[in-house]
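A.B. asks: Attaching a predicted model along with its sequence, questions to come.
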Amino acid sequence: MNEYKVEIENTFRACRVVNDSGEVTASIVEMNLEQLCHGEVVIRVHYSSVNYKDALAVTGRGKILRRFPLNAGVDLSGVVMSSTDTRFNEGDEVLVTGCGLGESHDGGFSGVARVPADWVVPLPRGLSLFDAMVLGTAGFTAALAIDRLEQNGQRAGQGAVVVTGASGGVGSVALDLLSARGYEVIAMTRKPGARDYLERLGADRVMNYDSLLEDSRPLRSAQWGAAIDNVGGPVLAGLMSTTQPWGNIASIGMAAGIQCDTTVMPFILRGVSVLGVSSANCPMPRRLHVWQRLVSDLRPSRLPAIEAAEVTLDDIPAVCDQMLQGEHHGRFVVKLVV
């Protein structure tokens, strides 16, 4: 039983994105509950996190938001202030990731959020509100990718697992989770200075992308058993051509582009599978399953090693610029509760 007693605040601060005649800008504003999107559950937000999608939304460099004005932030953890849905009570600790949060519905960069009850996940036992956002959307996505790989038969001992974009949020958590599961892990990155960080998270080897990009043949020497790809574009094509027979690739991101020039040869000659990972619209039964795995057999073993910088609401615009410039590794956790 939670001992929280939460009072609904008259006003609170939020990072709100507006579109003024095609110019998208974000600013920190004062809001009240009536200005938020509708939902059955009102949450006092304690923490959120800054994800690549958030950076695109806040800076206006990506077409992420489907309506304006809107509070950014695709995830949150906090405490229920009120609920008209009987599944949740005042004082319950909860989290929300994806589901349209921070895209079509006011998001987590706000002192208070109001969301549909069907989006809300009870905080798994043994996970703090802070650690829930060290993981956040990135950690959930990494765990969902591993769940997809293993559902399709991937196991430790069947070859190394390559993680591209390894120093980012999803990549950082994926390294930790895979290593803890006994997989041999290869971290791929463009950042030579990230080697020590990646090895602390469990990487057995650290590589750049040269070997993937220097040869465009559709089928090459098989080098690894599986991959979690955060990059897309030619990197994904290179992974397809170098994955071992019956290996799996979890496709998560498209930072290098949406085009993937390849052939069917890896699929029909090697049985390679490319598995799509869409954490935003993950069905609730699977969402609950994956969060439960994150406190059981997929529990991070090196969570403190995932560099999680705690920032404030006022820091968000600068943090988003920094993220898009590739000048970071690890996670940014936004503290909303004073």
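C.D. replies: Arrived safely, thanks for sending.

A.B. asks: And the next helix or strand past the longest helix along the chain?
C.D. replies: Secondary structure of the chain per DSSP state H: the longest helix is helix 129-151. Toward the C-terminus, helix 129-151 is succeeded by strand 161-163 as the next helix or strand (DSSP states H and E).

A.B. asks: Report the angle between the helix or strand that comes right after that next one and helix 129-151.
C.D. replies: Following strand 161-163 in sequence order, the next helix or strand is helix 169-180 (DSSP H and E). Helix 169-180 runs at 70 degrees relative to helix 129-151, counting by axes from the mean of the first three to the mean of the last three C-alpha atoms, to 10 degrees.

A.B. asks: Mean confidence (pLDDT) on the helix or strand following helix 169-180, please.
C.D. replies: Using DSSP H and E, the helix or strand that directly follows helix 169-180 along the chain is strand 185-188. The average of the pLDDT scores along strand 185-188 is 97.

A.B. asks: For whichever helix or strand comes after strand 185-188, list every residue counted as buried.
C.D. replies: The helix or strand immediately downstream of strand 185-188 is helix 195-200, counting by DSSP H and E. Judged by neighbour count (16 or more other C-beta atoms under 10 Å), helix 195-200 contains these buried residues: 197-198, 200. Where you see a C-beta, it was placed from the backbone N, CA and C, and this is true even at glycine.

A.B. asks: Going by neighbour count, list what's buried in the next helix or strand after helix 195-200.
C.D. replies: Sequence order places strand 205-207 as the next helix or strand after helix 195-200, per DSSP H and E. Neighbour counts over strand 205-207 (16+ other C-beta under 10 Å) mark V206 as buried.

A.B. asks: Which strands or helices does strand 205-207 pack on?
C.D. replies: Contacts defined by 3 or more C-beta pairs under 8 Å, 6 or more residues apart in numbering; DSSP states H and E place strand 205-207 against strand 185-188, helix 195-200.

A.B. asks: Which residue would you name as the spatial centre of the chain?
C.D. replies: A138 (2.0 Å; C-alpha atoms, centre = their mean).

A.B. asks: circling back: got JSON lines for the buried residues of helix 195-200, with pLDDT and distance to V274 too?
C.D. replies: Formatted as JSON lines, these follow (pLDDT from 0 to 100; distance: C-beta to C-beta, whole Å):
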{"residue": "Y197", "pLDDT": "93", "distance to V274": "28"}
{"residue": "L198", "pLDDT": "95", "distance to V274": "24"}
{"residue": "R200", "pLDDT": "95", "distance to V274": "30"}
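
A.B. asks: count of residues packed around the closest residue to T243 other than its chain neighbours?
C.D. replies: Of all residues not flanking T243 in the chain, V272 sits nearest, at 4.9 Å (C-beta to C-beta, 6 or more residues apart in numbering). Neighbour count for V272, taken as other C-beta atoms under 10 Å: 24.

A.B. asks: wait, doesn't V272 sit right on N248?
C.D. replies: Yes - using C-beta atoms under 8 Å, V272 is in contact with N248, at 7.5 Å.

A.B. asks: hmm, back to that, adding distance to W291, write the buried residues of helix 195-200 out as CSV.
C.D. replies: Conversion of the buried residues of helix 195-200 to CSV gives the following (distance: C-beta to C-beta, whole Å):
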residue, distance to W291
Y197, 26
L198, 25
R200, 25
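
A.B. asks: R155: which of these is nearest?
C.D. replies: Distance to R155, by C-beta to C-beta, is smallest for L198 among the buried residues of helix 195-200, at 23.0 Å.

A.B. asks: mind checking pLDDT for R217?
C.D. replies: Note on R217: pLDDT of 87.

A.B. asks: And the nearest residue to it once chain neighbours are set aside, which helix or strand is it part of?
C.D. replies: Excluding the flanking residues, the one nearest R217 by C-beta to C-beta, 6+ apart is S241, at 6.4 Å. Counting by DSSP H and E, the element that carries S241 is helix 233-242.
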